[in-house]
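Engineer: Pasting a predicted model and its sequence here:
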Amino acid sequence: MGTTLSDKARAARAIETPLASTDQNSRTELTARVRTGQLSWSGPLLVLTGRSALMIPAQALAACVLWLHNHTWSWNAAAKWWSVYGTLVDLGCLLLMRVCVRNESIRLRNLIGPIRLRWGRDLFLGIGCLLLIFPVFALAFPAASRLVYGSSQPEMYPGLLGARTLSLWGAIYSLSVFLLVWSPTEEMTYNGYSLPRLEVLCGNRWVALAMVGFWWALQHSFIPFILDWRYVEWRFIAFLPGVLAFSLIYLRLRRLPPLIVAHWAMDTSAILYTLHF
């Protein structure tokens, strides 16, 4: 029997589909890039540690701006603006990741994975992720407070970390631009870029998870950075279980959109909780 047009079309789709659906962030693809030298330790380690490192100069720049405006230097005065100067950290991370993924001949978009909007799939999956992760944070914070401060009520540094008073434009920016950029960039930095690459480079998922969890939790001690080591210790311990939960779910899904939805919800609640209107 001769080959029909429909048979040829099906054959063409069978050939094209694997190519079109190739996950550029999969273990198979990343392992191949390690073998060809496109992926090495330098990129993941730089991105993993760089986000925390960028937070100090970003806060210093905010302090300089305030000094020029008020003629009074105050590191702590800049701390309350973390939901504004945090975007500088995001831009630095995105630029750094862009350089790294270009060496792998892929795009930043490949770090996010497929977006499934039909019937609100990723929205509902994100809500499910939120319901799994939020209790972890809810239990970890009072536990960390008791461990570090001896009380379930931690030192919230009124005016700096909690009960922040910003100008109208600062509050609007925090609830719009900051949120739109911060949550996706944070997920891309730790889960989309660093974790899958370290998993391949280490050859051990749990070692990679521990490395990412440590630096991701430490990041939260640096924004804002308050010169009190008990505060640094408290923030690190409080965030560690939650960020590990995010990464464990990523290792299951291998896609960021649902986690970004969950992250947006949590960051929005954090902004609303810490701002004083």
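Structural biologist: Received the coordinates, thanks.
Engineer: would you list every one of the helices in this structure?
Structural biologist: Here the chain has its helices, by DSSP state H, at 5-20, 27-36, 42-70, 75-79, 82-103, 121-149, 168-173, 179-187, 195-202, 205-219, 229-253, 257-274.
Engineer: who's in contact with the last one?
Structural biologist: In this structure, residues lying in contact with helix 257-274 by CB atoms under 8 Å, 6 or more residues apart in numbering are 83, 112-116, 122-123, 125-130, 133-134, 137, 161-164, 174-175, 178-179, 182-184, 186-187, 191, 246, 249-250, 253. Every C-beta, even on glycine, is put in place using the N, C-alpha and C of the backbone.
Engineer: how many degrees apart are it and helix 229-253 in direction?
Structural biologist: Here the directions of helix 257-274 and helix 229-253 differ by 150 degrees (axes from the mean of the first three to the mean of the last three CA atoms, to 10 degrees).
Engineer: Next, the angle helix 82-103 makes with helix 257-274.
Structural biologist: 160 degrees.
Engineer: tell me which residues of helix 257-274 are tucked away?
Structural biologist: Neighbour counts over helix 257-274 (16 or more other CB atoms under 10 Å) mark 257-267, 271, 274 as buried.
Engineer: what mean pLDDT does that helix have?
Structural biologist: Here helix 257-274 scores 96 as its mean pLDDT.
Engineer: What of the fourth one?
Structural biologist: Averaged over helix 75-79, pLDDT sits at 91.
Engineer: got the CA positions of that helix in CSV?
Structural biologist: Backbone C-alpha positions of helix 75-79 (Å, rounded to 0.1, in the frame of the first residue of the first chain) are rendered in CSV as follows:
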residue,chain,number,x,y,z
TRP,A,75,22.8,51.7,57.6
ASN,A,76,19.7,50.8,59.5
ALA,A,77,17.6,53.6,57.9
ALA,A,78,18.3,51.9,54.6
ALA,A,79,17.2,48.5,55.9
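Engineer: And that helix, what does it pack against?
Structural biologist: The criterion is 3 or more CB pairs under 8 Å, 6 or more residues apart in numbering; DSSP states H and E, and the helices and strands that helix 75-79 contacts are helix 42-70.
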